[in-house]
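**Student:** sharing a model that was predicted from the sequence below.
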Amino acid sequence: MLTRSLGRTGPKISALGLGCMGMSDFYGATDRSEAIATIHAAIDADITLLDTGDFYGMGHNELLLREALQDVWRDQVVLSVKFGAMRDPAKGFNGYDCRPLAVKNFLAYTLERLGTDYVDIYRPSRVDPEVPIEETVGAIADMVKAGYVRHIGLSEASASTIRRAHAVHPICDLQIEYSLLSRGIEADILPTCRELGISVTAYGVLSRGLLSGHWTRERSANSSDYRSISPRFQGENVERNLALVEALRAVANAKGATVAQLAVAWVLSRGSDIVPLIGARRRDQLADGLAALALDLTPDDIARIEQAVPAGAAAGDRYPTMQMAHLDSERRKTA
């Protein structure tokens, strides 16, 4: 497995990470045994970065990871944890709480659920508009000094917020959506990260399944999971987006690859400071993502990929309107 350094100050990790969210939440029924087998398969393939959030399944995901890792040496994996999202018994969302006291409270529960005495990377899942980012990062920095956290990350933050946070304590990475269908970070967020020596851990590299090569109009019509309210999976939007996928499929076929492999390989090609998170719930999905590592994309390949799926071509926002409002990264602040 190729390795990459996570920013100037972060750990050395695998070139691909495993995003564990779908094993507990958002995408319908889950299979616990298959999820654990997938985590084990990822570790066997030398994936070291495991990404979770304390609100994924209201703690379920952290407990799942604890079970999966009970026979794994702690220093064999790098655990990245997001916090701050407020949930309710109906599995709804009720904003974010990133006050310093909340930071320490969330971390205490995370350490207990994971069965560990430290988290490798700790990050607010969203920027809390009611709390200056300096206060949130300062509280995490206190936990770094105390030994409970090794490194600090951010998620879905704007360029100006990244600068403010980094001035308080070095930020090792920004976790943010980045794919052929979501390239907004290229304007100012990615250049800011590169200027400051901050890596990007890219989630949504398959655009929640749109770029898997398996999504259909019929699945959109009958979907009962999160995607049933996602704009890119609705009506005319999904028609236009699936047309882009078919154009990409022609490029993938010529390369002897699947659509998913090509989509992941494209993200990998964007730079050694970008680490795709593979949101695999099953071992076959993981294997498809791992195969992207073997794809050597030439400049001509990149040109054909970007001709098939031009920047800005996706139809629909990447989140519903209410959730878009919580994305500091979408406020288009300039650094």
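**Tutor:** Perfect, I can see it now.
**Student:** how about the strands in the chain?
**Tutor:** Using DSSP state E, the strands of the chain run over 3-5, 12-14, 17-19, 49-53, 78-83, 85-87, 93-96, 119-124, 149-155, 171-177, 199-203, 274-278.
**Student:** okay if I get those as CSV plus mean neighbour count, mean pLDDT and distance to Lys104?
**Tutor:** For glycine as for every other residue, the C-beta is placed from the backbone atoms N, C-alpha and C. Formatted as CSV, the strands of the chain follow (neighbours: other C-beta atoms under 10 Å; pLDDT from 0 to 100; distance: least, C-beta to C-beta, whole Å):
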stretch, mean neighbour count, mean pLDDT, distance to Lys104
strand 3-5, 17, 93, 29
strand 12-14, 19, 96, 26
strand 17-19, 26, 96, 26
strand 49-53, 26, 97, 17
strand 78-83, 25, 98, 10
strand 85-87, 16, 89, 16
strand 93-96, 14, 87, 16
strand 119-124, 26, 98, 11
strand 149-155, 24, 98, 10
strand 171-177, 26, 97, 19
strand 199-203, 25, 97, 24
strand 274-278, 25, 97, 26
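**Student:** all helices of the stretch 201-335 of the chain, in order?
**Tutor:** 217-222, 235-255, 259-268, 283-290, 299-308, 321-324 (DSSP state H, counting those that start in this stretch).
**Student:** and the nearest residue to Cys98 once chain neighbours are set aside, how close does it get to Leu154?
**Tutor:** Nearest non-adjacent residue to Cys98, counting by C-beta to C-beta, 6 or more residues apart in numbering: Asp128, 3.6 Å away. Computed as C-beta to C-beta, to the nearest Å, the Asp128 to Leu154 distance reads 12 Å.
**Student:** and for Glu239?
**Tutor:** Glu239 sits 35 Å away from Leu154, going by C-beta to C-beta.
**Student:** you'd agree the residue nearest to Cys98 is up against Val103?
**Tutor:** No. Using C-beta atoms under 8 Å, Asp128 is not in contact with Val103; the gap is 10.1 Å.
**Student:** neighbour count winner among the two?
**Tutor:** Val103 (25 against 20; other C-beta atoms under 10 Å).
**Student:** hang on, isn't that one packed against Val81?
**Tutor:** No. Using C-beta under 8 Å, Val103 is not in contact with Val81; the gap is 11.6 Å.
**Student:** before we move on, back to that, between Asp128 and Val103, what contacts are shared?
**Tutor:** Thr136 (C-beta atoms under 8 Å, 6 or more residues apart in numbering).
**Student:** quick one: low-confidence ranges for the stretch 151-300 of the chain?
**Tutor:** Scanning the stretch 151-300 of the chain with the threshold set as pLDDT under 70 gives 219-227.
**Student:** can you rerun that using 90?
**Tutor:** Within the stretch 151-300 of the chain, the ranges that satisfy pLDDT under 90 run 208-209, 212-235.
**Student:** what's the neighbour count on Thr321?
**Tutor:** So Thr321, with other C-beta under 10 Å, has 8 neighbours.
**Student:** report the contact partners of the residue nearest the centre of the chain.
**Tutor:** Nearest to the mean C-alpha position of the chain, counting by C-alpha atoms, centre = their mean, stands Tyr203 at 2.7 Å. Applying C-beta under 8 Å, 6+ apart, we find Tyr203 in contact with Gly19, Asp51, Gln175, Ile176, Glu177, Tyr178, Leu277, Gly279.
**Student:** mind doing that once more with 10 Å?
**Tutor:** Tyr203 makes contact with 17, 19, 21, 51, 155-156, 175-179, 182, 276-279 under the criterion C-beta atoms under 10 Å, 6 or more residues apart in numbering.
**Student:** check Leu114 too.
**Tutor:** Thr52, Asp54, Gly59, Asn61, Glu62, Leu63, Leu65, Arg66, Leu69, Arg74, Leu79, Val81.
**Student:** what's the answer for Leu242, then?
**Tutor:** Leu242 neighbours (C-beta under 10 Å, 6+ apart): Leu210, Trp215, Thr216, Arg217, Ser220, Phe233, Ala315.
**Student:** drop anything exposed from the residues you listed.
**Tutor:** By neighbour count, with 16 or more other C-beta atoms under 10 Å, the contacts of Leu242 hold Leu210, Trp215, Ser220, Phe233, Ala315 as buried.
**Student:** quick check: Ala85 vs Cys98, distance?
**Tutor:** Separation of Ala85 from Cys98 (C-beta to C-beta) stands at 10 Å.
**Student:** what sits in contact with each of these two?
**Tutor:** Phe106, Pro124, Ser125, Arg126.
**Student:** farthest-separated two in the contacts of Leu242?
**Tutor:** Distances among these were taken as C-beta to C-beta; the most separated pair is Thr216 and Ala315, at 16.2 Å.
**Student:** could the contacts of Leu242 go into TSV alongside distance to Tyr148?
**Tutor:** Output for those, formatted as TSV (distance: C-beta to C-beta, whole Å):
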residue	distance to Tyr148
Leu210	38
Trp215	40
Thr216	45
Arg217	47
Ser220	43
Phe233	39
Ala315	43
